[in-house]
Structures are given as structure tokens and as C-alpha cells.
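Asker: A predicted structure for the sequence below; I have some questions about it.
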2 protein chains.
Amino acid sequence: MIPESHPRYESLLLREKIVKAFKKGILADSGMIAHGRGEAFDYLLGEKTSNPAKSAIKAGAAAILLSKNPVFSVNGNTAALVAEEMVELCRISGGKLEINLFHRTPQRVNAIEHVLKHAGAEKVLGLDDEKLKYLEGIESPRATASASGIYDADVILVPLEDGDRAEILHKTGKIVITIDLNPLSRTSQMSSISIVDNIVRVLPLLIQEINQLKREKKENLQQILDNFDNQKNLKESLHVFKLKK
Amino acid sequence: MIPESHPRYESLLLREKIVKAFKKGILADSGMIAHGRGEAFDYLLGEKTSNPAKSAIKAGAAAILLSKNPVFSVNGNTAALVAEEMVELCRISGGKLEINLFHRTPQRVNAIEHVLKHAGAEKVLGLDDEKLKYLEGIESPRATASASGIYDADVILVPLEDGDRAEILHKTGKIVITIDLNPLSRTSQMSSISIVDNIVRVLPLLIQEINQLKREKKENLQQILDNFDNQKNLKESLHVFKLKK
């Protein structure tokens, strides 16, 4: 039990979730290390959602609402931290969930499927009984995608994505929305809409934004999307990061 | 195998070492997460030793050379990354190695002892057959120390130390040298000499500095130590951290 008085209480609770998920086989070995990197970036961000992140969330919500086939990618860390929210996101947007792993093993796919089903998911793409396709004809485990999911999608949300995969996804020309605490990462730099914030704060806000924008006209949503400049937004995010006492 | 061309090659090699150590039971669960935090801070530091870090290393070398009983604390991450260098540090300074774990289990103590012996250590303190003492009368696993080691030491090097332990060590009035990539951490703030740098770069430099300063007169070493201002140095380290492209 972590005492509530601990200066890093909230952060330690998330860490506990990650360790538990690791022990259940949901995370890759590098998933715990990746979480640690996130902790450090979030610490430097002051552990709160910045204004540029809010703008990126709004643009992401507009893109999802305008999409014909939005797909939400789930890896181990995402499943460990926000499984329920990912399911809710599907429910309100009519999107699909796809398991999408950099370090893919049948055990991890099963473990994550179990977490998502437990969180209420009706259907999960990217399972092992599916014949996965390859993006951009790249026959590498980095490029796998479900035929009716990421392969066919026009908008994909890939939270906590790896740089190699982000590069491949970028090449497809799809709208790629990412959630990444490092504004300088390849993933952030290569995506169409990079939300620089902690995934546990982003998902509730994204859900809220979609619920609010649902009533908007298509042209207004398109305007929100057109007015969003990812490189400019990333620069603004950079300014939020500061090492100060 | 990580291709040498990968943009994060050096960092990925260290990550591999950490994952291997974790699988051998050398690291605590949180050790991988801690390594991830270190990766992020090192990334922001530009992955090189800054001038303030060099000054802190020099002050640390002087303190070790002036010490009557210098003790070098080893935890899982330290053993995983710089076991040989820790042994070399003992050899050139006449100091002692002590296993000092926040999450102490007999299995981890044994695993780390094995790594240190394999790296050439003759004697290792802080083992389980020792009756450990408590620092400052705090009867907590956070406060354990070997009677002839950390308990008796006048100078201790505690790389990658936890904030709770750093607070207790600070209370003892000993000279506490730490290696920590986060200049704002409790550990950095509470220590006498905080080296804000990656441990894999620090150890070779610290060994080199001790070898160079060995011939200096005691009063010159004392002057180096007296001229070192940790709070000022930490502020200078903060300026090195920048998010830039």
C-alpha cells in the first residue's frame, strides 16, 4: 500500500498498475521501461494537460467524428492503463479496437484480448486467428494490420506507439492520431495529430470532446481539423516542458 | 540484435542489459521503470556528460580520497550496468562495496552478490548473514546499513538511490554522493554531491579523476571539496536540460 501522503502518490498508483500488467503477461519487457520514460516526461510536464494538448485532443475528436472507419490501436501499456476508456471510445464513435503489438506473441495477444473483453469490448481485431495484412507491402512484424481494421482505416488512434511503426503508418497517408509524452519522438514528429500528454488524462478528455462535438456540423468539424497545425502544436508543447522547482 | 544504425542504438543496448538483469532477478519490478525514467532524462540531457556533472565528479573524487571509510552502495540497476566499474572504484580507493536495496529480498541480495563477485569483488557488505544496523534509529527496511559499511562510513556513494533512503542518509550528516539523472529529485536535492549524469558515463570518469587526484595534497583536495556548492551545481545542471530539436 502506497501512503496517500507520498509525494509521488498518483504516479506510484499507475506504476503499480503497470507492474501488475507486466506480471500478467500483458506488457512486453520493454513496456515497463517505456512506462518509466513516460513518468519522467510527465513529471517535466507538471503532470497536467497543457493547452496545446487540449487543442490536439479537440482536433483528434473532430478527425474521429469525420472518419468513415476509425480504428483504435491497443498495445500492452494502453490495455494496462485505459482499457475501459478505449472501449467507451469505441462505443461513442462507432470505431473498432485493434490489438497492435510491436513485440507480438500469441500469449500477449490473448492476455490483451482478455483485458479488453473484461472491460466490455464486444469485438476485438488483430487477433491471431485473423490473417493479418502488411501495410505498404512491408512484410515485417512492424507492419501488420487487420484487413478491416488499421489496414482499411482512414483515421487511426495509436497511443504509445513505437517509432518504427509510426514511420510505416505515416507512409500510408492515413490520419494518424498519437498520444505520446515526448514531443520530440519520431512518433510525435511523424503523426498527423500528436497529443503530448499522459494517456490516463487524455482518454477521458477525448471522450468528453467527442460527446460535445457530436452535434456539430460536418463543415465545422472539418474546420477544426483543417485549422490544426501539428508542427506548430508540437512546438507549443515543447514550451510547456520546463525543468523548474 | 539491435542494428547499429538504429537512432537509439546505445540506449537500446543499455535497455537490453537491464531486461537481462531483470530476468536474472537482479532488479526489482520498479527497476525497469526507473531505468525508463533515466532514459528520458538522459535523452533530454543530450546523452553526454555536462560541465556541472564534471565538477560534481571531481568533488566526489576529492571526497572519496579524503574519506577514512568510503563506502560504495550497490543496488540492482547499478549492478546491472556498472558492476566492473564499482569493483575498480573500490580497488583504487580502498573503499568498500555494500549491497543496499530499497526492495530487499534474499534472492536479490544473492543475485547481486553473484554479479559483484563475478566482476571481481573480494568482499561485499550488506549480505543477509550480517546483522544489519539501522541508521538514525529508524527501524525500517529503508534505513538498514552494514555496521562496518554505510553505518560507519564518512563518505558514501549511493548511485540511483530512492528518495526515502536519500532523506534518511542525509540525516546522518555523512557526505552523500549520488548519481541521479533528475536534478530535481529528492535524492539530488538532499545529497552533498549530486552527479547529474548517466551512471555508465560517470563511473569511468570518476575512476579517472580519482587516479589523477591521488597525487594531490590533502589540503588541495579539501579545497576542491570546500569550493563545491551542490545547490549551485544543481541549478547549473538544470540549465543543461533543454528540449530542443
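Answerer: Nice, I can see it. Bear in mind that the values here come from a model prediction, so they are computed numbers and not experimental data.

Asker: make sure residue A:157 is indeed in a strand.
Answerer: Yes. The assignment for residue A:157 by DSSP: H, G, I helix; E, B strand; the rest coil puts it in a strand.

Asker: bridging residues for it?
Answerer: residue A:72, residue A:177 (DSSP bridges).

Asker: how deep is the closest residue to chain B within chain A tucked in, by neighbour count?
Answerer: The minimum distance from chain A to chain B, using CB to the nearest CB, falls at residue A:36 (2.1 Å). Bear in mind the C-beta positions are built from the backbone N, C-alpha and C, glycine included. Residue A:36: 24 surrounding residues under other CB atoms under 10 Å in any protein chain shown.

Asker: which residues sit against the helix or strand containing it?
Answerer: Assigned by DSSP states H and E, residue A:36 falls within helix A:29-44. Applying CB atoms under 8 Å, 6 or more residues apart in numbering or on different chains, the contact partners of helix A:29-44 are A:11, A:14-15, A:18-19, A:21-22, A:75-77, A:80, A:103, A:160, A:181-182, A:198, A:241-243, B:15, B:18-19, B:22-23, B:29, B:32-41, B:43-44, B:182.

Asker: and chain A, which residues reach chain B?
Answerer: Taking CB under 8 Å from any CB of the partner chain, the part of chain A that reaches chain B is made up of A:7, A:15, A:18-19, A:22-23, A:29-30, A:32-41, A:43-44, A:163, A:182-184, A:186, A:238, A:241, A:243-245.

Asker: circling back to that earlier point, helices or strands next to whichever helix or strand comes after the helix holding residue A:36 in the packing?
Answerer: Using DSSP H and E, the helix or strand that follows helix A:29-44 in sequence is helix A:51-66. Judged by 3 or more CB pairs under 8 Å, 6 or more residues apart in numbering or on different chains; DSSP states H and E, the packing partners of helix A:51-66 are strand A:155-159, strand A:175-179, strand A:193-195, helix A:199-213, helix A:218-227, helix A:230-240.

Asker: out of the ones you listed, which gets the lowest mean score?
Answerer: Mean pLDDT across these is lowest at helix A:230-240; the value there is a mean of 94.

Asker: okay, the angle between that helix and helix A:29-44?
Answerer: 70 degrees (axes from the mean of the first three to the mean of the last three CA atoms, to 10 degrees).

Asker: restrict helix A:230-240 to CA atoms and write it as PDB.
Answerer: Extracted in PDB, the C-alpha atoms of helix A:230-240 (Å, rounded to 0.1, in the frame of the first residue of the first chain):
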ATOM      1  CA  ASN A 230       0.700  19.600 -35.800                       C
ATOM      2  CA  GLN A 231       4.200  21.000 -36.100                       C
ATOM      3  CA  LYS A 232       3.100  24.300 -34.600                       C
ATOM      4  CA  ASN A 233       1.300  22.500 -31.800                       C
ATOM      5  CA  LEU A 234       4.300  20.300 -31.000                       C
ATOM      6  CA  LYS A 235       6.400  23.500 -30.700                       C
ATOM      7  CA  GLU A 236       3.900  24.900 -28.300                       C
ATOM      8  CA  SER A 237       4.000  21.600 -26.300                       C
ATOM      9  CA  LEU A 238       7.800  22.000 -26.100                       C
ATOM     10  CA  HIS A 239       7.400  25.300 -24.400                       C
ATOM     11  CA  VAL A 240       5.300  23.700 -21.700                       C
END
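
Asker: could you check the angle helix A:51-66 makes with it?
Answerer: Relative orientation of helix A:230-240 versus helix A:51-66 (the same axes, to 10 degrees): 150 degrees.

Asker: sorry, back to before: mind checking which of the contacts of helix A:29-44 are buried?
Answerer: A:11, A:14-15, A:18-19, A:21-22, A:75-77, A:80, A:160, A:181-182, A:198, A:241, A:243, B:15, B:18-19, B:22, B:29, B:32-41, B:43-44, B:182 (16 or more other CB atoms under 10 Å in any protein chain shown).
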